[in-house]
Each structure stands twice: as C-alpha cells, then as structure tokens.
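Novice: Just a sequence and a predicted model for now, questions to come.
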Amino acid sequence: MTGGEAALYRGIMVPAASWRGRRPPVQPLVEAMLAGDLGEASDLAEQFLARVRSRVGVFADLLQPAQYEIGDLWYRGVIGIDDEHRTAAILERLVAMLPPTPASSRVPASPRCLLAVPPSEQHTLGLRMLALALGDEGWDVELTDPDCRPEDFGCLVERVRPRLVGISAGYAPSGSELTRMVGAARAAAVPVLVGGSAFNRVADLWRRVGATAHGADARIGTVLARRMARP
Amino acid sequence: VSAVAEYTIGEVAAMIGFSPHTIRAWERRHNILKPHRTPSGQRRYSAEDVDLLREVINGVVVRGLTLKVAVRAAQGALCLQGEHDECPNGFEMPVPSMTNAPALDPETSDVPWRAVADFLPHMIAILDAEGGIVDANVALASASGCLREQLRGARFVDFADPYDRAKAVTAFRPPFQRRRGWELNLQMPASRGLFSFDCIPFRADGHQVLIVIGRDLSKEKDGSQHVPTAVPGLGRCRTMENS
C-alpha cells in the first residue's frame, strides 16, 4: 500500500464527528424555516456545527433531513409551494454561511471532480452541499453549467478529465437524459456518483442509469468519492 | 465500485457518522443487519444495508422514535404515522408531538423501564384509572399495529374479543386488584388468541395505575417464542420471521 492509499484509507476509517447523545434539532429547524426565522435557523445550524465540528455532518444530519421533511410536508399537502420556496431560500443561506471544516485526512493530490445536474433541473442545493463537502475533503471541484446538454457532456468530461463525475437529480421526468450523461462519463472511463431526491425515492434507479454508486447524502457521497479515487 | 459493491464497516461508519463499534452493537442488540462475511470473517455491507441504516437514523432524528422502534419501522415491521393516519383497528389515536419528545440517546430507551420491557416478548401496558393505556412496550405496540405513542389514550379493553369485553372491563376497573394468570381473548391486528395476564396495581405520582403483563398462550403451547409480526395487508410491511 502506497502512502497515498494509506491516507485514503485513514480518511475513510475516521468517521465524521457524530451527534450521538442528543438528536440533531431537525424539527426545531423545520419550524424556524417555516416561520421564516432565519436568525433562529442560523443559530440552530451554528450550534450544531459547534457540536459536530464538521460541515458535512451538518449537511447530512441536520440540513438534508430538514430538507426532506419539508418536501414530505409539501407532498402531504401540509404546506404550500410558497412555504417550500421560503424554506429553500433559508436553506441556501444556511449552506452558504457555514464555514469550511477541512477534513483531518484529505484526499491526496487534490483530484478533480466534475459535478453536474441534468438539463432543466432546478434543485441544485444538494449538489452544492456535495461540492462544499468534497472541497473540505481536498477535492478540486468543478460545477457544470446548469444548461449543459447531455450530448455536450461527453466532450466536457473529455476536456476536464476528472477522476470522478457527480450527477444530482431532484426529479427524473426522463431517465434517458440521465442515462446519456452517465454513459458519456463511463465511456471516458470515469466513475459516476449520483444522488438527489430522484435517486433516493427510487431505490435502484442509480443502477438502471448505469451509475457507479449512489450517495444518498453529502457524507455518503464523500466516502464513496474517496473510495472511487483510489487507484 | 461495482453495482454490488460491498463496504467495510469503517466505510459504513464514515457514511452514517457513527463508529464501527456502534454499528456492531446495533447488530448485536437489534438484529438490524446481517452483513456478509469474508472468508477471514470481516463484515461486508451492501448499499441496501447503508440505506437501511440511514432509514433507522432518520426515524430517530426526524420522527423522534426510539432506536428500537426505528429499527422495526425500517425493517417494515411497524407502520409509521403518516403512512396510515389511524390505527388499523379503527381507533382514533392521539398523534404524538415529536417536538416535545425527550432528547434520546439512540443507544438506549428514554424511560428506564422500557429498556427492559422492550426486550421482553410479553405484552406489557400501564393502564390509568379509566383503563386507558398510559404506556406500553414494543411487543404490545407491534401486536396492535401501532406505534407506542399512538397507543397512548386507547382503551385496553377495546383490544379484547367482544365476548370477553365485559370480563375485561371488570378486570381493569378500579379499585385495581392483583391477579395472576388471568385469561382473556384478544383481537389485535397482528396478534389474536388467548392471553394470560398478570395484573399488578401500582401507585405512581399519586395516581393509581395497573401494570398488565400478557403472555400468548397459543404460542406457548406449541413451544415457539412469541415475536410480534407485521400487520398483514398494510402497505410495505414485511413479516418478521421468528428466528
């Protein structure tokens, strides 16, 4: 095992700080966001960050569960679309305000990864969380233009030559676009990590579109990315 | 990483934010996963195992469930509120307030007696002076097809077979009396038949309560251990086989 491989393994074997003992304040955060109380929401996120000392821990254990809870409330008709948009705006502010927490064992040599969403995808917050989390891990992250067409994606992959491609989809009206994007990256021998609500709702969608792995949240995404970066 | 990727316990721990020690403890205590073993005996987990763990943690974090209930819910042995708005037996149950739920250590139950009671196969309930359920263990909640929280306020006698209801009302009417081996036919969505109850009057916070402990006599006769099963015909519930 080379030094680089050992560092990768060390990084995997050190779990991020856990919330064990006191639950993350998901419900209070949901209530604060529904009330439009950015101050309270910020306090909750900062206090939780102080506990877990890991930005990706806040993403995975607090913000994403809150995001899914809001989505679930909307699905059940408890809240309206205005509520959902307001909470999404607050979530974006929270994601942006959390300071970086570099991983203790970063991936060696700053491998490059390319993150993308399918065309017309409006839900990009999950991808942004993954981008920040990968940045904390030492990745050199490139985000594609949201209107990048699937037929151009292959050329983009060839040009950037990433070690990893990440694709996030909030919904999947057509699996063919996803399949083409994944196929373009796989044709260039680049592993593809997928995530987002579309994949979380349909358990085996990631396999059907030909992806290499599915990261259900930002923390799982970083662990899988680290694994995929192994030579 | 292939489609059938298998992850080490260290990787899974990093994915869910808990230590390998905790995952092993959950496997041991809650029978939550059965990972593959390499020839050298090391655990290997699938993507589905990670999904299951995430669902359990989500149950604890978002829904405020105890770890034990969250495990059973993730395994499909319990129906969560929201999937079914009322208890399958038609009772209108009070909806638990998750925001007021006490902070839980996912390793242990929040109330000490539950930590013991939840591990027992017996159905255990605490009844108030009106015969309403104040608290119950997982075995009873599972047999009734509800979450523990949803059972609170329900009348225990409503689980009795109609022919035994008068007998049940008499038994659970104050002043409470100590009884041993008192038999009652129950009709619950996931468990029915003749049960033997021990009734123990108890005083808590100035209130008289009755602790009832039920054993399934039909299961005891054939020598098998009672394990509450999933409610048939309820969505994605799967049957938990008696191991």
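Specialist: On my side now, so go ahead.

Novice: the helices in chain B, which residues?
Specialist: Secondary structure of chain B (DSSP state H): helices located at B:9-16, B:20-30, B:47-61, B:67-74, B:112-117, B:138-144, B:148-151, B:165-171, B:217-221.

Novice: For the fifth one, what does the pLDDT average out to?
Specialist: Per-residue pLDDT over helix B:112-117 has a mean of 74.

Novice: Can you list the buried residues in it?
Specialist: B:114, B:117 (16 or more other Cβ atoms under 10 Å in any protein chain shown). Any C-beta I mention is one placed from the backbone N, CA and C, and that applies to glycine too.

Novice: how far out from the middle of the chain is it?
Specialist: 12 Å (Cα atoms, centre = their mean, to the nearest Å).

Novice: same thing with the longest one?
Specialist: Distance of helix B:47-61 from the chain centroid (Cα atoms, centre = their mean) equals 18 Å.

Novice: in that helix, what's buried?
Specialist: For helix B:47-61, a neighbour-count test (16+ other Cβ under 10 Å) marks B:47, B:49-54, B:56-61 as buried.

Novice: which of those come close to chain A?
Specialist: B:47, B:50-51, B:54, B:58, B:60-61 (Cβ under 8 Å from any Cβ of the partner chain).

Novice: Reformat those as TSV; add pLDDT.
Specialist: Output for these, formatted as TSV (pLDDT from 0 to 100):
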residue	pLDDT
B:Ala47	88
B:Val50	90
B:Asp51	88
B:Arg54	89
B:Asn58	85
B:Val60	82
B:Val61	78
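
Novice: longest strand of chain B?
Specialist: Criterion DSSP state E: the longest strand present in chain B is strand B:191-204.

Novice: Give me the buried stretch members for it, please.
Specialist: In strand B:191-204, counting by 16+ other Cβ under 10 Å, buried: B:191, B:194-199.

Novice: rewinding a little: let me know which of the helices of chain B is tucked in deepest.
Specialist: Among the helices of chain B, ranked by average contacts under mean count of other Cβ atoms under 10 Å in any protein chain shown, first place goes to helix B:138-144 (a mean of 26).

Novice: I'd like the mean pLDDT over that helix, please.
Specialist: 83.

Novice: just to revisit the earlier point, closest to A:Arg219 out of the buried residues of strand B:191-204?
Specialist: Taking Cβ to Cβ as the measure, A:Arg219 sits nearest to B:Ser191 out of the buried residues of strand B:191-204, at 39.2 Å.

Novice: The closest one reaches B:Ala143, doesn't it?
Specialist: Yes. Between B:Ser191 and B:Ala143 there is a contact under Cβ atoms under 8 Å: 3.7 Å.

Novice: Can you list the neighbours in contact with stretch B:172-181?
Specialist: By Cβ atoms under 8 Å, 6 or more residues apart in numbering or on different chains, the list of residues contacting stretch B:172-181 from outside reads B:127, B:129, B:131, B:156-157, B:171, B:196-201, B:208-210, B:212.

Novice: what about 10 Å?
Specialist: Contacting residues not belonging to stretch B:172-181 are listed as B:125, B:127-132, B:155-157, B:160, B:171, B:184, B:196-203, B:208-213, B:215, B:217 [Cβ atoms under 10 Å, 6 or more residues apart in numbering or on different chains].

Novice: Show me which residues of that stretch are buried.
Specialist: Result for stretch B:172-181 [16+ other Cβ under 10 Å]: buried residues B:172, B:176.

Novice: Chain neighbours aside, what residue packs nearest to the residue sitting nearest the centre point of chain B?
Specialist: Centroid-nearest residue in chain B, with Cα atoms, centre = their mean: B:Val138, separated by 2.4 Å. Closest residue to B:Val138 apart from its sequence neighbours, by Cβ to Cβ, 6 or more residues apart in numbering or on different chains: B:Asp118 at 4.5 Å.

Novice: neighbours around the one you found, how many?
Specialist: 21 (other Cβ atoms under 10 Å in any protein chain shown).

Novice: what separates it from chain A, distance-wise?
Specialist: As judged by Cβ to the nearest Cβ, to the nearest Å, B:Asp118 and chain A stand 19 Å apart.

Novice: Quick check: closest non-adjacent residue to B:Arg148.
Specialist: That would be B:Ala141: by Cβ to Cβ, 6+ apart, it lies 4.3 Å from B:Arg148.

Novice: how about the helices in chain A?
Specialist: A:3-13, A:26-34, A:38-52, A:55-58, A:64-75, A:81-97, A:125-137, A:150-160, A:175-187, A:197-201, A:205-208, A:218-228.

Novice: okay if I get these as JSON lines plus mean neighbour count, mean pLDDT and distance to chain B?
Specialist: Shown next, in JSON lines, are the helices of chain A (neighbours: other Cβ atoms under 10 Å in any protein chain shown; pLDDT from 0 to 100; distance: least, Cβ to the nearest Cβ, whole Å):
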{"stretch": "helix A:3-13", "mean neighbour count": "16", "mean pLDDT": "43", "distance to chain B": "4"}
{"stretch": "helix A:26-34", "mean neighbour count": "22", "mean pLDDT": "94", "distance to chain B": "5"}
{"stretch": "helix A:38-52", "mean neighbour count": "17", "mean pLDDT": "94", "distance to chain B": "8"}
{"stretch": "helix A:55-58", "mean neighbour count": "27", "mean pLDDT": "94", "distance to chain B": "6"}
{"stretch": "helix A:64-75", "mean neighbour count": "19", "mean pLDDT": "84", "distance to chain B": "5"}
{"stretch": "helix A:81-97", "mean neighbour count": "16", "mean pLDDT": "92", "distance to chain B": "15"}
{"stretch": "helix A:125-137", "mean neighbour count": "23", "mean pLDDT": "94", "distance to chain B": "11"}
{"stretch": "helix A:150-160", "mean neighbour count": "16", "mean pLDDT": "89", "distance to chain B": "18"}
{"stretch": "helix A:175-187", "mean neighbour count": "20", "mean pLDDT": "88", "distance to chain B": "12"}
{"stretch": "helix A:197-201", "mean neighbour count": "19", "mean pLDDT": "82", "distance to chain B": "9"}
{"stretch": "helix A:205-208", "mean neighbour count": "19", "mean pLDDT": "87", "distance to chain B": "5"}
{"stretch": "helix A:218-228", "mean neighbour count": "26", "mean pLDDT": "93", "distance to chain B": "4"}
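
Novice: if I look at A:Leu63, how far off is chain B?
Specialist: According to Cβ to the nearest Cβ, A:Leu63 stands 12 Å off from chain B.

Novice: I'd say that residue and A:Pro25 touch.
Specialist: No. Using Cβ atoms under 10 Å, A:Leu63 makes no contact with A:Pro25, being 11.2 Å away.

Novice: intersection of neighbour lists for these two?
Specialist: Joint contacts of A:Leu63 and A:Pro25 (Cβ under 10 Å, 6+ apart) are A:41, A:45, A:48.

Novice: ok, the nearest residue to A:Arg149 once chain neighbours are set aside - contacts?
Specialist: Nearest non-adjacent residue to A:Arg149, counting by Cβ to Cβ, 6+ apart: A:Pro119, 6.0 Å away. Taking Cβ under 10 Å, 6+ apart, we find A:Pro119 in contact with A:145-150, A:152-153, A:177, A:181.
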